[in-house]
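Novice: Sequence and computational prediction follow.
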Amino acid sequence: MSSSLISAQSFPGLVLLGIAILASLNLFYRDRPEGEDPLHLAMTVIGRVMILTAFLEASLVFFNIFAIPLWILLACVLVYVTFRYWMRRRVALLAVMAAAARHWMPLAPAVESVSQEWRGWFGRRCRRLAEMLYAGMPLGEVLSNAGSLLPRRALAIVEVGVRTGNLSGAFAEAARQPASAPAMMRVWAGFWYLSMLALNGCAILIFVAIKIVPAFIKIFDDFNADLPGPTLALIQSCNWFVEYGPAPLALALFVTASWAVLWRVSVITWLPPPFNMIARRRETVVVLRSLALATESSRPLELALSALAEHYPSRALRARLRRTLAQMASGQPWYESLADQGLLRSSEQALVSSAERAGNLAWALREVADGIERRTALRAQRWLELVIPVCILFAGGIVMFIVVSLFVPLVSLIEKLV
């Protein structure tokens with residue numbers, strides 16, 4: 001009995017028990033109605049805690065000094081996977097609502113069908129959203145209470161559709177995946193690669209400073225030999241890095257990654273120069289596509305701009321749009337007002353003004369928006385292609401310095417022994 005308990009508390013035993021609990025829940029609760037179930041919640045927590053505890057035990061037993069970097073890496077991967085999963089759920093809900101609006105179907109059954117596919121917090125919020133729609137609440141009020149179910153930029157575009165009477169087009173625009181999405185995915189992958197490179201480099205430097213360098217010092221002390229200059233420089237660098245380096249570097253990586261994620265989900269809308277130009281061009285795309293919705297429904301452009309000025313997440317863009325509306329109220333053309341606020345360039349202004357006179361303004365607005373997206377993605381890729389080789393060369397230089405610093409003393413020691 002005791003041997004079975006010991007094996008169950010070991011790494012493979014805990015993992016197997018946790019997987020068995022989660023698998024049994026999936027088998028026996030699959031056909032049951034959704035709702036608050038204390039037993040299901042308790043068993044889910046127990047299964048996941050078992051698996052997590054097992055991996056923690058394994059890292060502490062088998063990896064020893066690498067346990068902390070391993071768990072930092074695991075936490076980064078877990079955050080990334082969770083973020084991607086959460087984003088996919090929001091996109092799925094938005095796509096279902098767009099399909100329902102495109103076919104002139106009620107939104108409440110569509111949202112309810114999505115709620116039946118997801119458990120937990122997301123499913124409960126979708127059910128609450130469907131209940132508000134069934135109760136006949138105005139769509140703008142319902143979406144304002146949707147919270148983080150939908151992206152804030154998507155909510156602003158849907159509000160434009162509500163005011164201009166082009167709801168199906170607004171949902172289609174909000175659910176649309178830009179043509180530059182593959183290029184931007186490569187940019188985010190490069191950002192992830194550089195972050196992991198820096199994190200693994202920190203772990204290697206800490207290992208060299210704690211394990212390798214003291215061993216070299218002890219060996220040379222035993223032989224009464226002097227350490228070469230490169231090795232002394234490595235020792236001083238490692239001492240400085242262990243004492244001052246990890247905390248600022250880890251903090252910088254954490255702040256940068258958190259800022260990028262929060263900007264991606266529109267919680268933070270400000271970027272420092274020169275990245276603020278990327279944010280401004282991204283906002284211009286939303287403005288142009290919103291104006292295209294108003295043009296298609298033959299409604300005044302002021303309705304689209306006022307909706308964005310009230311509901312768009314960026315405070316800077318809201319201020320620019322309010323100034324644009326004030327200039328338009330004084331008689332200035334809308335494209336000149338947008339150009340004065342830095343949202344349109346001279347070539348783009350000339351194109352949309354010509355398209356307005358030719359009667360194909362909606363098409364021109366979308367073409368300009370697509371062009372901005374493509375150019376922004378290509379510029380980001382070019383910068384990434386420049387930054388990644390520089391970072392790799394820098395990391396290679398550090399590796400070469402470490403190897404030379406540890407190889408030279410061995411050669412000198414062998415010569416002394418001979």
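Specialist: Thanks, I have it.
Novice: for N360, what are its contacts?
Specialist: Contacts for N360 (C-beta atoms under 8 Å, 6 or more residues apart in numbering) come out as none. Every C-beta, even on glycine, is put in place using the N, C-alpha and C of the backbone.
Novice: Could you check how far it is from E367?
Specialist: N360 is 10 Å from E367, where distance means C-beta to C-beta, to the nearest Å.
Novice: Ok, V91 next?
Specialist: 24 Å.
Novice: what does W383 give?
Specialist: According to C-beta to C-beta, W383 and E367 sit 25 Å apart.
Novice: if you count what's nearby, which of the two comes out ahead?
Specialist: Taking other C-beta atoms under 10 Å, W383 and E367 do not tie; E367 has more neighbours (17 against 13).
Novice: On the three-state scheme, the more buried one is what?
Specialist: For E367, the assignment made with DSSP: H, G, I helix; E, B strand; the rest coil gives helix.
Novice: ok, for it, nearest residue in space, not its chain neighbours?
Specialist: Excluding its sequence neighbours, the residue lying closest to E367 (C-beta to C-beta, 6 or more residues apart in numbering) is L351, at 7.9 Å.
Novice: Report how many residues lie close to that neighbour.
Specialist: 18.
Novice: Export stretch 297-305 to CSV, keeping only CA atoms.
Specialist: Provided in CSV are the C-alpha atoms of stretch 297-305 (Å, rounded to 0.1, in the frame of the first residue of the first chain):
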residue,chain,number,x,y,z
SER,A,297,-25.0,53.2,-46.6
SER,A,298,-25.2,56.8,-48.0
ARG,A,299,-25.0,58.3,-44.5
PRO,A,300,-23.0,61.4,-43.5
LEU,A,301,-19.4,60.8,-42.7
GLU,A,302,-19.8,62.7,-39.5
LEU,A,303,-21.8,59.8,-38.0
ALA,A,304,-18.8,57.4,-38.4
LEU,A,305,-16.3,59.9,-37.1
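Novice: got the buried residues for that stretch?
Specialist: Under the neighbour-count criterion of 16 or more other C-beta atoms under 10 Å, stretch 297-305 has 297, 299, 301-305 buried.
Novice: Quickly note the distance from K211 to V403.
Specialist: The value you get for K211 to V403, if C-beta to C-beta is used, is 16 Å.
Novice: I should have written A233 there, sorry.
Specialist: Taken as C-beta to C-beta, the span from A233 to V403 is 13 Å.
Novice: if we can go back for a sec, which of the buried residues of stretch 297-305 fall in strands?
Specialist: Using DSSP state E, no member of the buried residues of stretch 297-305 sits in strands.
Novice: Work out for me the element V81 sits within.
Specialist: According to DSSP states H and E, V81 maps onto helix 67-102.
Novice: Using PDB, write out every CA atom in the next helix-or-strand element following that helix.
Specialist: Counting by DSSP H and E, the element after helix 67-102 in chain order, helix or strand, is helix 107-115. The C-alpha coordinates for helix 107-115 follow below in PDB (Å, rounded to 0.1, in the frame of the first residue of the first chain):
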ATOM      1  CA  LEU A 107     -27.700  37.800 -33.000                       C
ATOM      2  CA  ALA A 108     -29.000  36.200 -29.800                       C
ATOM      3  CA  PRO A 109     -29.200  32.600 -31.100                       C
ATOM      4  CA  ALA A 110     -25.800  32.900 -32.700                       C
ATOM      5  CA  VAL A 111     -24.200  34.100 -29.400                       C
ATOM      6  CA  GLU A 112     -26.000  31.400 -27.500                       C
ATOM      7  CA  SER A 113     -24.600  28.700 -29.800                       C
ATOM      8  CA  VAL A 114     -21.100  30.000 -29.100                       C
ATOM      9  CA  SER A 115     -21.700  29.900 -25.400                       C
END
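Novice: The very next helix or strand once past helix 107-115: how far from the chain's middle?
Specialist: Next in sequence after helix 107-115, counting helices and strands by DSSP H and E, comes helix 120-134. Distance of helix 120-134 from its chain centroid, counting by C-alpha atoms, centre = their mean, to the nearest Å, is 25 Å.
Novice: Show me what the helix or strand containing the residue nearest to E367 is packed up against.
Specialist: Secondary-structure assignment from DSSP H and E places L351 in helix 346-358. Contacts defined by 3 or more C-beta pairs under 8 Å, 6 or more residues apart in numbering; DSSP states H and E place helix 346-358 against helix 334-340, helix 361-417.
Novice: hmm, 10 Å instead?
Specialist: On a contact count with 3 or more C-beta pairs under 10 Å, 6 or more residues apart in numbering; DSSP states H and E, helix 346-358 meets helix 276-296, helix 334-340, helix 361-417.
Novice: Could you export the ones you listed as JSON lines, including mean pLDDT?
Specialist: Below are those laid out as JSON lines (pLDDT from 0 to 100):
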{"stretch": "helix 276-296", "mean pLDDT": "85"}
{"stretch": "helix 334-340", "mean pLDDT": "91"}
{"stretch": "helix 361-417", "mean pLDDT": "82"}
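Novice: and L199, which of those is closest to it?
Specialist: Of all those, it is helix 361-417 that lies closest to L199, at 11.9 Å by C-beta to C-beta.
Novice: quick one: the closest one to helix 346-358, angle?
Specialist: Calculated by axes from the mean of the first three to the mean of the last three C-alpha atoms, to 10 degrees, helix 361-417 forms an angle of 160 degrees with helix 346-358.
Novice: Look up how far E367 lies from A183.
Specialist: 18 Å.
Novice: And for S314?
Specialist: For S314, the distance to E367 - C-beta to C-beta - is 24 Å.
Novice: list the contacts for L167?
Specialist: Counting by C-beta atoms under 10 Å, 6 or more residues apart in numbering, L167 touches 97-98, 101-102, 104, 107, 139, 158, 160-161, 293, 297.
Novice: Can you tell me which of those residues is nearest I46?
Specialist: M97 (35.9 Å).
Novice: Hmm, the closest one is touching G161, no?
Specialist: No. Applying C-beta atoms under 10 Å, one finds M97 not in contact with G161, separated by 11.1 Å.
Novice: and for the two, which residues touch both?
Specialist: Jointly contacting M97 and G161 under the rule C-beta under 10 Å, 6+ apart are 167, 171, 174.
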